[in-house]
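>>> Predicted coordinates and the sequence they were generated for:
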Amino acid sequence: AAVDEITREASSVDALVLCARHYQYRRTVTAEGYEENFALFYLSRYLLGHGLVESLRKAERPVVVNVGGPGAGLGVVRWDDLQLRHGYHGGAALGQGGKLNDLLGVAFAERYGATTGIRYVLIHPGVTATGFSGVYDAETLDHIRSMQRHAKPVSAALPPIAAALDDPPADPLTAFVEGQRIRVDTHGFDRAAAGRLEALTEQLLTRS
């Protein structure tokens with residue numbers, strides 16, 4: 001519905017910024033039956049990015065900025081249980097979601113980068129004093145409150161995001177951690193893994 005509305009209202013999309021996530025200490029599912037972290041942190045970004053390709057390609061310098069956590073190893077991905085039906089933990093769900101977004105960026109750039117001019121930028125701004133949206137158990141909430149006290153202000157986290165929007169990198173896919181560019185030709189950004197995730201995602205969407 002969001003893609004349809006944006007497409008109707010905007011003649012083109014210059015930039016798409018993907019940031020939403022919400023911690024759940026208990027496993028919950030959406031009305032469509034998806035685990036909530038998987039749906040919000042990964043699947044919504046997949047749908048918005050792919051759904052707005054035609055609107056993005058009409059822009060002069062289109063860019064997708066995916067704010068997650070680039071650089072983690074592939075070991076956090078539970079390939080046989082992507083929606084964490086077994087042994088759920090909210091932190092594990094968010095950790096996996098960050099890596100799924102890395103692989104989303106790899107597959108997106110592989111599919112569209114050379115033909116559309118859309119640049120895909122993965123950004124981890126560092127621990128930032130946002131609202132830390134979520135539903136927490138008492139122990140985790142204490143940890144979150146401590147993080148909020150010591151985290152950088154939002155104003156300090158914005159410059160790398162603004163830079164990617166104002167002057168998208170030339171490469172189809174780039175990744176930055178706290179303003180420092182990291183390589184995207186490592187095992188953590190494996191193309192085969194990205195293709196595997198894309199296939200699994202399409203299977204899920206076809207069944208829904």
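Received the coordinates, thanks. Residues are numbered from 1 along each chain as shown.
>>> so where's this protein shaky on pLDDT?
The model of the chain has pLDDT under 70 over residues 208.
>>> Show the contacting residues for the residue nearest the centre of the chain.
Geometric centre of the chain, nearest residue: Asn101, 4.0 Å, by C-alpha atoms, centre = their mean. By C-beta atoms under 8 Å, 6 or more residues apart in numbering, Asn101 lies in contact with Leu18, Phe41, Tyr42, Arg45, Asn66, Gly68, Gly69, Pro70, Leu122. Quick note: C-beta positions are derived from backbone N, CA and C, even for glycine.
>>> Reformat the residues you listed as JSON lines; add neighbour count and distance to Asp80.
Formatted as JSON lines, the contacts of Asn101 follow (neighbours: other C-beta atoms under 10 Å; distance: C-beta to C-beta, whole Å):
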{"residue": "Leu18", "neighbour count": "21", "distance to Asp80": "26"}
{"residue": "Phe41", "neighbour count": "24", "distance to Asp80": "19"}
{"residue": "Tyr42", "neighbour count": "27", "distance to Asp80": "16"}
{"residue": "Arg45", "neighbour count": "25", "distance to Asp80": "22"}
{"residue": "Asn66", "neighbour count": "24", "distance to Asp80": "25"}
{"residue": "Gly68", "neighbour count": "25", "distance to Asp80": "22"}
{"residue": "Gly69", "neighbour count": "19", "distance to Asp80": "22"}
{"residue": "Pro70", "neighbour count": "23", "distance to Asp80": "24"}
{"residue": "Leu122", "neighbour count": "29", "distance to Asp80": "25"}
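>>> Restricted to strands, list those.
Among these, the residues falling in strands (DSSP state E) are Leu18, Asn66, Leu122.
>>> and Leu16, helix, strand or coil?
strand (DSSP: H, G, I helix; E, B strand; the rest coil).
>>> Excluding covalently adjacent residues, which one is nearest to it?
Leaving out its chain neighbours, the residue that sits closest to Leu16 by C-beta to C-beta, 6 or more residues apart in numbering is Val64, at 4.7 Å.
>>> Ok, Ala92 next?
By the measure of C-beta to C-beta, 6+ apart, the closest residue to Ala92 outside its immediate chain neighbours is Leu84, 6.7 Å from it.
>>> Show me where this protein has its strands.
15-18, 23-24, 63-67, 119-124, 134-135, 173-177, 180-182.
>>> can you redo these as TSV with distance to Leu200?
Output for these, formatted as TSV (distance: least, C-beta to C-beta, whole Å):
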stretch	distance to Leu200
strand 15-18	19
strand 23-24	22
strand 63-67	19
strand 119-124	20
strand 134-135	26
strand 173-177	20
strand 180-182	25
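>>> circling back: and which of the ones in strands among the contacts of Asn101 is nearest Thr174?
Proximity of the ones in strands among the contacts of Asn101 to Thr174 (C-beta to C-beta) peaks at Leu122, which lies at 7.2 Å.
>>> Bridged to the closest one, which residues?
Residues in a beta bridge with Leu122, per DSSP bridges, are Asn66, Ala175.
>>> Would you agree His124 is in contact with Val177?
Yes: the pair His124 / Val177 is scored as a contact, 4.6 Å apart, by C-beta atoms under 8 Å.
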